[in-house]
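**Student:** the following comprises the amino acid sequence and a computationally predicted model.
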There are 2 protein chains.
Amino acid sequence: MEIAILLFDRLTALDALGPYEVLSRVPGNRIRLVAKEPGLVRTDNASPLGLMADEPISAVERPDVLVVPGGPGEHQARQDPEVLDWVRAVHEHSRWTTSVCTGSLILGAAGLLKGLRATSHWAALEFLRDFGAEPSGERVVRQGKVITAAGVSSGIDMALELLVLEHGEAMAQAIQLAIEYDPQPPVDAGSPEKAPREVLETVRKAMSRLTR
Amino acid sequence: MEIAILLFDRLTALDALGPYEVLSRVPGNRIRLVAKEPGLVRTDNASPLGLMADEPISAVERPDVLVVPGGPGEHQARQDPEVLDWVRAVHEHSRWTTSVCTGSLILGAAGLLKGLRATSHWAALEFLRDFGAEPSGERVVRQGKVITAAGVSSGIDMALELLVLEHGEAMAQAIQLAIEYDPQPPVDAGSPEKAPREVLETVRKAMSRLTR
């Protein structure tokens, strides 16, 4: 399969790199890292990492899978008609149109989530309503060929789910084993329901800039 | 804290990017992405991703934390005296010297694992013996200030562990929540013990090139 991952300035690295790490390991898959203009994009934080977008979006017209990451830069990306036109055009022929984190707001702005259940980073879930979508707290939400995933690290689970759907369980198991994805976090606060209240409030405040 | 992440050609993206995503989110942390020569490095697979190493290793002499990722390119990296000298010099003053996946073989080649328990990607564990280390199947192994983590995705857990050690549980919980790290893989084969035997054998064969 051909998989296009959309990059843009101030994206969140792991949103894009989780699916990249999983999907790039399937024999025969080709990943195309694209941005509006080819070149280096920088991630969203105080020590911005440079990721190379090798091709312009205009060069990739019919990927089988589209992956749209999120991050603070999604706000600018979803106000760019050229980006939204491309997302819509790719969706027309895609097998799967996917997002991670606030990437779902880009899909929403492109009009692809109307009437669908969808997810996003927990701190941004309510913004999905602006695009006619019904927010869901599930980690991965599949509606037809549209798959949205929750915040940042959920793209790994979403990509494994995609392998189950496309190639069956054995392929998903093989890639999970290859990346030794046997999570053992030392704390257990990965969702708003699990986090202590004070931690939740601190992070909620820090993240309120996410969707501005 | 200042954190140096060593990049090199044919590294595994998530090895480096998991810790990056976690550690870069701590207020006040500064991440420095370094390589022997600054510039773009490419990851290890058929659709190589370009990651920017902004600085040469020579420019970063005393980081608080060193993160050494793995991937097929570790073999070349650990045969480079300049890289090994730098790793040793940094280790002398570091608070934490860490590795993900086969990055532990680079620490080993630098002589930092002698007599220590250590881990690596499951398929490469036995190679640790070449460097006088005792292989461990644990996901994250801490021995004094040396922390080694298992394959690829384990760098996320290792970095969270580092936050617990340096900043306490609340910080680790906050970052875990911010990246919504509440893993829900659709299959359960993330370790050799959990994977079906056929899957294990297939992946073992495919990975035998890892450490050549």
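**Tutor:** Okay, I see it.

**Student:** and the spatially most central residue of chain A, how far is that from residue A:15?
**Tutor:** Taking Cα atoms, centre = their mean as the criterion, residue A:100 is the residue nearest the geometric centre of chain A, at 2.0 Å. Separation of residue A:100 from residue A:15 (Cβ to Cβ, to the nearest Å): 4 Å. Backbone N, C-alpha and C define where each C-beta goes, glycine included.

**Student:** please enumerate the shared neighbours of the two.
**Tutor:** A:69, A:70, A:152, A:155 (Cβ atoms under 8 Å, 6 or more residues apart in numbering or on different chains).

**Student:** now the first one. Its backbone dihedrals?
**Tutor:** Geometry field for residue A:69 lists phi and psi as phi -80, psi 170, criterion degrees, to the nearest 10.

**Student:** once you drop chain neighbours, what's closest to it?
**Tutor:** residue A:15 (3.3 Å; Cβ to Cβ, 6 or more residues apart in numbering or on different chains).

**Student:** in CSV, list the C-alpha atoms belonging to stretch A:37-49.
**Tutor:** Provided in CSV are the C-alpha atoms of stretch A:37-49 (Å, rounded to 0.1, in the frame of the first residue of the first chain):
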residue,chain,number,x,y,z
GLU,A,37,5.8,22.7,0.4
PRO,A,38,8.6,20.0,0.5
GLY,A,39,11.4,20.6,3.0
LEU,A,40,12.0,20.6,6.7
VAL,A,41,9.1,21.0,9.1
ARG,A,42,9.6,21.6,12.8
THR,A,43,7.7,20.0,15.7
ASP,A,44,5.7,21.8,18.3
ASN,A,45,7.8,22.4,21.3
ALA,A,46,10.7,24.2,22.9
SER,A,47,13.2,21.9,21.3
PRO,A,48,11.7,21.6,17.9
LEU,A,49,12.7,18.6,15.9
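
**Student:** buried stuff in that stretch?
**Tutor:** For stretch A:37-49, burial by neighbour count (16 or more other Cβ atoms under 10 Å in any protein chain shown) applies to A:38, A:40, A:41, A:42, A:43, A:44, A:45, A:47, A:48, A:49.

**Student:** what is the nearest of those residues to chain B?
**Tutor:** Closest approach to chain B among the buried residues of stretch A:37-49 (Cβ to the nearest Cβ): residue A:47, at 3.6 Å.

**Student:** my read: the closest one touches residue B:25, true?
**Tutor:** No - between residue A:47 and residue B:25 there is no contact under Cβ atoms under 8 Å: 9.9 Å.

**Student:** just the buried residues of stretch A:37-49 that are near chain B?
**Tutor:** Restricting those to those touching chain B (Cβ under 8 Å from any Cβ of the partner chain) yields A:40, A:43, A:45, A:47, A:49.

**Student:** which two in these are spaced the farthest apart?
**Tutor:** A:40 and A:45 (15.7 Å; Cβ to Cβ).

**Student:** give me the phi and psi angles of the closest residue to residue A:164 other than its chain neighbours.
**Tutor:** Leaving out its chain neighbours, the residue that sits closest to residue A:164 by Cβ to Cβ, 6+ apart is residue A:172, at 4.6 Å. Per-residue torsions, residue A:172: phi -60, psi -40 (degrees, to the nearest 10).

**Student:** and for residue A:4?
**Tutor:** phi -100, psi 130.

**Student:** pLDDT at it, what is it?
**Tutor:** What the model reports as pLDDT for residue A:4 is 98.

**Student:** just residue A:46 next, same as before
**Tutor:** Looking at residue A:46, the pLDDT reads 86.

**Student:** just checking, it touches residue B:29?
**Tutor:** Yes - assessed by Cβ under 8 Å, residue A:46 is found in contact with residue B:29 at 7.5 Å.

**Student:** hey, where'd the helices end up in chain A?
**Tutor:** A:13-23, A:74-77, A:81-93, A:103-109, A:154-167, A:169-178, A:197-207 (DSSP state H).

**Student:** same list (those) but as JSON lines, adding mean neighbour count, distance to residue B:113 and mean pLDDT.
**Tutor:** Output for these, formatted as JSON lines (neighbours: other Cβ atoms under 10 Å in any protein chain shown; distance: least, Cβ to Cβ, whole Å; pLDDT from 0 to 100):
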{"stretch": "helix A:13-23", "mean neighbour count": "29", "distance to residue B:113": "26", "mean pLDDT": "98"}
{"stretch": "helix A:74-77", "mean neighbour count": "22", "distance to residue B:113": "42", "mean pLDDT": "96"}
{"stretch": "helix A:81-93", "mean neighbour count": "16", "distance to residue B:113": "47", "mean pLDDT": "98"}
{"stretch": "helix A:103-109", "mean neighbour count": "28", "distance to residue B:113": "40", "mean pLDDT": "98"}
{"stretch": "helix A:154-167", "mean neighbour count": "24", "distance to residue B:113": "28", "mean pLDDT": "98"}
{"stretch": "helix A:169-178", "mean neighbour count": "23", "distance to residue B:113": "24", "mean pLDDT": "98"}
{"stretch": "helix A:197-207", "mean neighbour count": "15", "distance to residue B:113": "35", "mean pLDDT": "94"}
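
**Student:** nearest to chain B among the shared contacts of residue A:100 and residue A:15?
**Tutor:** Distances from chain B to those, taken by Cβ to the nearest Cβ, are shortest for residue A:152, at 4.0 Å.

**Student:** excluding sequence neighbours, find me the nearest residue to that closest one.
**Tutor:** Using Cβ to Cβ, 6+ apart, the closest residue to residue A:152 is residue B:179 (4.0 Å).

**Student:** so what's the residue count around that neighbour?
**Tutor:** The tally of other residues near residue B:179 (other Cβ atoms under 10 Å in any protein chain shown) stands at 25.
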